[in-house]
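>>> Fold the following and give me the result.
(one chain, ligands or ions: 1)
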Amino acid sequence: MKLLCAIFFLLLLCSVAKAEGMGRQVVPQAATPAAPSSSARSLFVLRCAGCHGMDGSGSKLGLVPDMRRLGNFLRLEGGREFLIQVPGVMGSGLDDAQVAAVSNWLLATVAKDSVPAEHKPYTAEEITRLRAKPLVDVAAARQALVAQGQALGITID
Ligand code: HEC
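Numbering: from 1, shown residues only. Coordinates of the predicted model:
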């Protein structure tokens, strides 16, 4: 009898836990508050880290650049735009506010030490504008930025 009671109790616990889980799933997206840093971090983990690595260090083998000096792009003309116009960001499936949140999070954490003091965070409106003009040739655009950096003594990895 004791055993039966225990099993019944466990089943009850399970169904309560399940019902709670289901309740959470139906909460509409719009009801969640504007992306705090923890959710920007989850966006990074879910949508970016698969290629870029959890620490943003990228992969030489997969030709995925290191993100830890990303802030150096912000010192170059067109660099701020480039960081948003790359295909991984453009095609991430994230909305404009989420792209702004994850990019701002990256620059405030992973790439923190490379970001110039006068940098202003991205806004959703800026992302909307940049999305309207994607890069035609990513490699060429990056190469031009690397060259611009070399002339100014700014290293782009
Ligand atoms: C499918 C793999 C993949 C995913 C997913 C991905 N990226 Fe990338 N990312 C790349 C590759 C490869 C490059 C190198 C340039 C290129 O070929 O697009 C790159 C370049 C970049 C760059 C430019 C850095 C540089 O040094 O040139 C930024 C910024 C960036 N990604 C941000 C993101 C963000 C933010 C996300 C998530 C929303 C993301 N990426 C998701 C593969 C990916």
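>>> Now for whichever residue of the chain sits closest to the ligand: which residues touch it?
Nearest to the ligand in the chain, going by Cβ to the nearest ligand atom, is G88, at a distance of 2.5 Å. Where you see a C-beta, it was placed from the backbone N, CA and C, and this is true even at glycine. With contact set as Cβ atoms under 8 Å, 6 or more residues apart in numbering, G88 has these partners: C48, C51, H52.
>>> So the first one sits against V102, correct?
Yes: counting by Cβ atoms under 8 Å, C48 does reach V102; the two are 6.8 Å apart.
>>> Name the residue in these two with the higher neighbour count.
V102 (25 against 22; other Cβ atoms under 10 Å).
>>> buried sites along the helix or strand encompassing the more buried one?
Assigned by DSSP states H and E, V102 belongs to helix 96-108. For helix 96-108, the neighbour count (16 or more other Cβ atoms under 10 Å) marks D96, A97, Q98, V99, A100, A101, V102, S103, N104, W105, L106, L107 as buried.
>>> Format these as a markdown table; extra columns: distance to the ligand.
Shown next, in a markdown table, are these (distance: Cβ to the nearest ligand atom, whole Å):
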| residue | distance to the ligand |
| --- | --- |
| D96 | 12 |
| A97 | 13 |
| Q98 | 8 |
| V99 | 7 |
| A100 | 11 |
| A101 | 10 |
| V102 | 5 |
| S103 | 6 |
| N104 | 10 |
| W105 | 9 |
| L106 | 6 |
| L107 | 9 |
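>>> can I get those residues in JSON lines with pLDDT?
Listed next are those as JSON lines, based on pLDDT from 0 to 100:
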{"residue": "D96", "pLDDT": "96"}
{"residue": "A97", "pLDDT": "96"}
{"residue": "Q98", "pLDDT": "96"}
{"residue": "V99", "pLDDT": "97"}
{"residue": "A100", "pLDDT": "97"}
{"residue": "A101", "pLDDT": "97"}
{"residue": "V102", "pLDDT": "97"}
{"residue": "S103", "pLDDT": "97"}
{"residue": "N104", "pLDDT": "98"}
{"residue": "W105", "pLDDT": "97"}
{"residue": "L106", "pLDDT": "97"}
{"residue": "L107", "pLDDT": "97"}
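>>> Near the ligand, which residues of this protein are found?
47-48, 50-52, 63-65, 70, 83, 86-89, 92, 94, 102-103, 138, 142 (Cβ under 6 Å from any ligand atom).
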